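Colleague: Fold the following.
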Amino acid sequence: MLGPGAKNGIEACFPKSTVKKVGHLTLAKILRNIQQDVFKSLKVNFPSFNELPITLKNMEHVLCEFCKYTNKKHGRSAKLVHFISRANLLDADKPCAKCKMDEEDGLLCDGCNDFFCSECFPDLADRVEDKWWFCEDCNVRLKK
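Modeller: I've put the predicted structure just below:
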């Protein structure tokens, strides 16, 4: 489920009839999936983080910021509102990247956005207090 800012960003990009017919989340997924083709057609070399594609979590943030921009541009209130992040729910339907099992307990890597279950990494519960968590592959990439 997208947050309210991202939903408003979708509604600023697409006609109401399209949003109603297709849905906010599906349109966000479409935007995420076509992003590389769009950059190529614009002849823009978009540098990604650690050469990883934009995730649905990233797209939610982009749409929310776009909503703020359009509100400000059109003189509408751009008041600051604190929302609880649902980013971990957007890509949470993934199986564990290590064992491929569908588990509920685990963490998403902040680098690649892959899900890792607590069965494969029993010490994940200890890492929840950390602000960022990176899987082994992303840790190797970050150290380069």
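Colleague: Could you give me the buried positions within stretch 21-39?
Modeller: Going by neighbour count (16 or more other Cβ atoms under 10 Å), the buried part of stretch 21-39 is 24, 25, 27, 28, 31, 32, 35. Backbone N, C-alpha and C define where each C-beta goes, glycine included.
Colleague: can you check stretch 69-77 too?
Modeller: Of all the residues in stretch 69-77, those buried under the rule 16+ other Cβ under 10 Å are 70, 71.
Colleague: Reformat the buried residues of stretch 21-39 as JSON lines; add secondary structure, pLDDT and distance to residue 17.
Modeller: Converted to JSON lines, those look like this (DSSP: H, G, I helix; E, B strand; the rest coil; pLDDT from 0 to 100; distance: Cβ to Cβ, whole Å):
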{"residue": "24", "secondary structure": "helix", "pLDDT": "91", "distance to residue 17": "14"}
{"residue": "25", "secondary structure": "helix", "pLDDT": "87", "distance to residue 17": "17"}
{"residue": "27", "secondary structure": "helix", "pLDDT": "90", "distance to residue 17": "12"}
{"residue": "28", "secondary structure": "helix", "pLDDT": "89", "distance to residue 17": "17"}
{"residue": "31", "secondary structure": "helix", "pLDDT": "88", "distance to residue 17": "18"}
{"residue": "32", "secondary structure": "helix", "pLDDT": "85", "distance to residue 17": "22"}
{"residue": "35", "secondary structure": "helix", "pLDDT": "82", "distance to residue 17": "24"}
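Colleague: Present these as JSON lines; the columns should include distance to residue 53.
Modeller: Listed next are the buried residues of stretch 21-39 as JSON lines, based on distance: Cβ to Cβ, whole Å:
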{"residue": "24", "distance to residue 53": "20"}
{"residue": "25", "distance to residue 53": "18"}
{"residue": "27", "distance to residue 53": "18"}
{"residue": "28", "distance to residue 53": "14"}
{"residue": "31", "distance to residue 53": "12"}
{"residue": "32", "distance to residue 53": "8"}
{"residue": "35", "distance to residue 53": "8"}
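Colleague: Do a quick rundown of the strands in this structure.
Modeller: Here the chain has its strands, by DSSP state E, at 106-108, 115-117.
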